[in-house]
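Novice: Turn this into a model:
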Amino acid sequence: MSIFEATMLICFGAAWPFSIYKSYTSKSVQGKSFFFLVILLIGYLAGILHKIFYNFDYVIYLYILNFCMVFTDSLLYLRNRRLSQDKTK
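Specialist: Model prediction:
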């Protein structure tokens, strides 16, 4: 297990709870990019697959946790976009 890889994932992961909270409470897509969130999901999925196929260790759980948080933020983005479209009708 690489301490540097784990530190990177912890640092990246520390920001997601705040982003999820903001997405949930603001009910707005302002300042968010769904394309960016999808790119992050692909990156975390690639990290998970690398751990499964080439270098399995406990860091995989940090990849999975981060993937779940970005996925949650993505779902909130879709919800908020739908809510903003409903307001304009």
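
Novice: CA only for contacts and neighbour counts going forward, please
Specialist: Noted.

Novice: the longest helix in the protein is where?
Specialist: For the chain, the helix reaching the highest residue count under DSSP state H is reported as helix 60-88.

Novice: From the contact counts, what lies against that helix?
Specialist: Here helix 60-88 touches helix 3-26, helix 34-53, going by 3 or more C-alpha pairs under 8 Å, 6 or more residues apart in numbering; DSSP states H and E.

Novice: Do you know the pLDDT at the spatially most central residue of the chain?
Specialist: Nearest to the geometric centre of the chain sits Val70, at 1.5 Å (C-alpha atoms, centre = their mean). Note on Val70: pLDDT of 98.

Novice: Report the contact partners of it.
Specialist: Contact analysis of Val70 by C-alpha atoms under 8 Å, 6 or more residues apart in numbering lists Trp16, Leu37, Leu40, Leu41.

Novice: Next, the angle from the longest helix of the chain to helix 34-53.
Specialist: For helix 60-88 against helix 34-53, the angle between stretch directions is 160 degrees (axes from the mean of the first three to the mean of the last three C-alpha atoms, to 10 degrees).

Novice: Buried residues, helix 60-88. List them.
Specialist: Buried positions in helix 60-88, judged by neighbour count with 16 or more other C-alpha atoms under 10 Å: 60, 62-63, 66-67, 69-74, 76-77, 79-80.

Novice: how close does the closest residue to Lys51 other than its chain neighbours get to His50?
Specialist: Distances taken as C-alpha to C-alpha, 6 or more residues apart in numbering put Ile60 closest to Lys51, at 6.1 Å, once the chain neighbours are dropped. According to C-alpha to C-alpha, to the nearest Å, Ile60 and His50 sit 9 Å apart.

Novice: For the residue nearest to Lys51, give me its contacts.
Specialist: Neighbours of Ile60 in contact, by C-alpha under 8 Å, 6+ apart: Gly47, Ile48, Lys51, Ile52.
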